[in-house]
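Chemist: This is the structure alone, sequence omitted:
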DNA sequence: TATGAATATTCCTTTACAGGAATATTCCGT
DNA sequence: ACGGAATATTCCTGTAAAGGAATATTCATA
């Protein structure tokens, strides 16, 4: 998994922007308005999201329409795949680990 | 989605810790060793992960065994669900949005 | 071409956070 | 009870990043 994507989503306003864009593509002004942000901050956050590949722009005259890109979400999903067995199996390997540790332990003073 | 979880995973070392714990529960010392971290930094990162609910501890004598908790991952998966149609449908609603904007536009000088 | 709307960028300040070093704490074995 | 191992905590410092305010840029239209 990419820490850059996580980092971009770690900021609450940016996370909200993403959740907003889930509904529909939006203009900078609309995003700022709906989230109660000032326009420059909205632009800055969108820049970060854009550089993380989470969002892409389409210029229409004066305005910039931002929309989500599927890739990071696909990747996140793929990443989660390796964790899925964690809750699908009830087996968490802790007992296994403890036994293993114990056996190393028993050979320590020889 | 919880920004705290994202924030915890945004730090590269912490992300690596999580990926390490995916294999098996581990001791602080083992984590530090495998990732080339100093013990205090490992402890601090584990604290953050713990407060985010990503990880839980089990004390065994001197040692603390850390393991992943399924919940945050379940939640992440559930959160992703709302984005899944984004790449499952090829339809991104941008054209829709443009038409909508255009119709608002046409009624602007009256 | 001058004007205003939409957006991006810059500069500044404040704050959060990561790493380093040192120290405190807890536990086992002797 | 003492010494050492494993872990947690504290203090300090540097740095990155977020918000505010101001300004630059770009575009459509009169």
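Modeler: Alright, I've got the coordinates. What you are looking at is a predicted structure, and each value in this text was computed from that prediction instead of being measured.

Chemist: Can you mark which positions in the top helix by length along chain A are buried?
Modeler: Among all segments of chain A classified by DSSP state H, the helix with the greatest residue count is helix A:70-88. Taking 16 or more other C-beta atoms under 10 Å in any protein chain shown as the basis for neighbour counts, the residues of helix A:70-88 that come out buried are A:72, A:73, A:76, A:77, A:79, A:80, A:83, A:86. No exception for glycine: its C-beta is placed from N, CA and C like everyone else's.

Chemist: try stretch A:2-9
Modeler: Burial within stretch A:2-9, assessed by neighbour count using 16+ other C-beta under 10 Å, is assigned to A:3, A:4, A:5, A:6, A:7, A:8, A:9.

Chemist: what's near enough to touch the first one?
Modeler: With contact taken as C-beta atoms under 8 Å, 6 or more residues apart in numbering or on different chains, residue A:3 is in contact with B:9, B:10, B:11, B:12, B:15.

Chemist: Could you list the contact residues of chain A toward chain B?
Modeler: Counting by C-beta under 8 Å from any C-beta of the partner chain, the residues of chain A lying close to chain B are A:1, A:3, A:6-7, A:9-12, A:15, A:19, A:22, A:24-27, A:58, A:60, A:65, A:67-68, A:70, A:73-74, A:76-77, A:80, A:82-84, A:86-87, A:92-94, A:96-98, A:101.

Chemist: where does the nearest residue to residue A:35 once chain neighbours are set aside land on pLDDT?
Modeler: Using C-beta to C-beta, 6 or more residues apart in numbering or on different chains and skipping residues adjacent in sequence, the residue nearest residue A:35 is residue A:16, 5.5 Å away. Per-residue confidence at residue A:16 stands at 98 (pLDDT).

Chemist: How about the secondary structure of residue A:16?
Modeler: Secondary structure for residue A:16, judged by DSSP: H, G, I helix; E, B strand; the rest coil, is helix.

Chemist: do you know how far it is from residue B:75?
Modeler: According to C-beta to C-beta, to the nearest Å, residue A:16 and residue B:75 sit 17 Å apart.
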